[in-house]
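>>> Here is a sequence together with a model predicted from it:
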Amino acid sequence: MFGRHRARLRHTTLAAVAAVSLTGALVAATEGAAAAAPTAAPAAVSATTATTIPTTCSGLTNRIVDGQLSRYVYRGQKFTRYPIGALSFGGTVETPQAFALAQETSSQDVYFAVRTNGSLWKVTYNGTLTATQVAASGWAGIRHLAASPTGTRLYALTTSGGLYRYSISSTGALRGLGAIATTGWSGIGFISPTAPDSTFDSFVGVNKSSGALVQYLVNRSTGATTGKVLKASGWAGMKHVTVGACTGAQANSAPVIGFLDNGDAYGYFDPNAYDLNGSDLRAVGKIGSGFSGLLVD
């Protein structure tokens, strides 16, 4: 469903999940409420044949509540929470209005955050969270951030309906690459990265007006963007969707986890994740609850 050329997601492979990006740095805490037994998918969400997500597949999302950052991994029909720490910006702990995991290395994770006062911050995690201000103002119009799985591009949706992008250097420095579009993206609630190829960054998003689930391909060199409707309706209630990865015999497949506005999580399984076709997306049902707060990839 999510691309023509297979590539492993940078932070949802089983190996990365086992290490949780920094080997042994995070302490797992299984979430009882988030491991609810699967139930029927809500009518508001499109579904096909009921199934389960194989244990060789995993999905990952980051959650921020009252300034506390945690990473959630879904594997083996349950969510496990990995607490990371408090997001402190100049001594103030808060949930930013936009946040994204941009890069992962063997030594640290790099995030970018936009605070409600319009400032931009780079947040690093190497066992300890450290936030450094990049710009004191000018970012108030950014409502959503998402990074390419290659760790080389940061994308920003604006309150005025624009989509902008920035290059990310190996040291985590940003450079503006201009607007992909200055209008037309107001109805897109979010974009979440999927597996890229040698030419395109790939994202999945939901049109909150029509309820369509859409995949976007962005030419990494030119910024030219095309969209492919995967599901024409039924997804408007999703506040976030994350696309995972599988290994072994299921390597061409992917789990898809959608989080409703009420905090419930629903699982889907795509047996062919690289055909740009959403017709084979199978519903698993309700796989968790209680996911309030800001959810990001």
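Yes, it's here.

>>> Leaving out chain neighbours, which residue sits closest to Gln68?
With Cβ to Cβ, 6 or more residues apart in numbering as the criterion, Gln68 has its nearest non-adjacent residue at 5.7 Å, and that residue is Ala86. C-betas here are computed from N, CA, C, even on glycine.

>>> OK, contacts around the one you found?
By Cβ atoms under 8 Å, 6 or more residues apart in numbering, Ala86 lies in contact with 67-69, 93, 129.

>>> Looking at neighbours, which among the residues you listed is most surrounded?
The most crowded member of those, judged by other Cβ atoms under 10 Å, is Leu69 (26 neighbours).

>>> Looks like that one contacts Leu129 (just checking).
Yes. With contact defined as Cβ atoms under 8 Å, Leu69 reaches Leu129; the gap is 7.0 Å.

>>> Overlap in contacts, the two.
84-87.

>>> and these, which are buried?
Buried by 16 or more other Cβ atoms under 10 Å: 84-85, 87, out of the shared contacts of Leu69 and Leu129.

>>> Just the pLDDT for the most far-flung residue of the chain relative to its centre.
The centre of the chain is farthest from one residue, Gly91, which by Cα atoms, centre = their mean lies 27.0 Å away. On pLDDT, Gly91 comes in at 97.

>>> Can you tell me how far it is from Gly67?
Distance of Gly91 to Gly67, computed by Cβ to Cβ, to the nearest Å: 12 Å.

>>> What is the burial count for Ala156?
25.

>>> Now do the strand or helix carrying it, average pLDDT.
Here Ala156 sits within strand 153-158, counting by DSSP states H and E. Average pLDDT, strand 153-158: 97.

>>> Give me the residues contacting it.
98, 100, 102, 112, 141-148, 163-168, 174, 177, 180, 185, 188, 190-191, 201, 203, 218, 220.

>>> Which parts of the stretch 101-250 of the chain are strands?
Applying DSSP state E, counting those that start in this stretch to the stretch 101-250 of the chain gives strands spanning 109-114, 120-125, 129-135, 142-147, 153-158, 163-168, 174-181, 188-194, 200-207, 213-219, 225-231, 238-243, 245-246.

>>> Tell me which of those sits most buried.
Among the strands of the stretch 101-250 of the chain, strand 245-246 has the highest mean neighbour count (mean count of other Cβ atoms under 10 Å), at a mean of 28.

>>> thinking again about what came up before, for the shared contacts of Leu69 and Leu129, which one is nearest Gly285?
Ile84 (28.7 Å; Cβ to Cβ).

>>> Now do the contacts for the closest one.
By Cβ under 8 Å, 6+ apart, the neighbours of Ile84 are 26, 69-71, 125, 129.

>>> so, if you compare those, which one comes nearest to Leu260?
Of all the contacts of Ile84, Leu260 sits closest to Ser70, with 18.9 Å by Cβ to Cβ.

>>> residues near that closest one, how many?
Using other Cβ under 10 Å, Ser70 is surrounded by 18 other residues.

>>> so it touches Leu87, yeah?
No. Counting by Cβ under 8 Å, Ser70 does not reach Leu87; the two are 11.0 Å apart.

>>> May I see the contacts of Ile84 arranged in TSV, with distance to His240 and pLDDT as well?
Compiled in TSV, the contacts of Ile84 are given as follows (distance: Cβ to Cβ, whole Å; pLDDT from 0 to 100):
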residue	distance to His240	pLDDT
Leu26	21	39
Leu69	15	98
Ser70	14	98
Arg71	14	96
Tyr125	21	97
Leu129	21	97
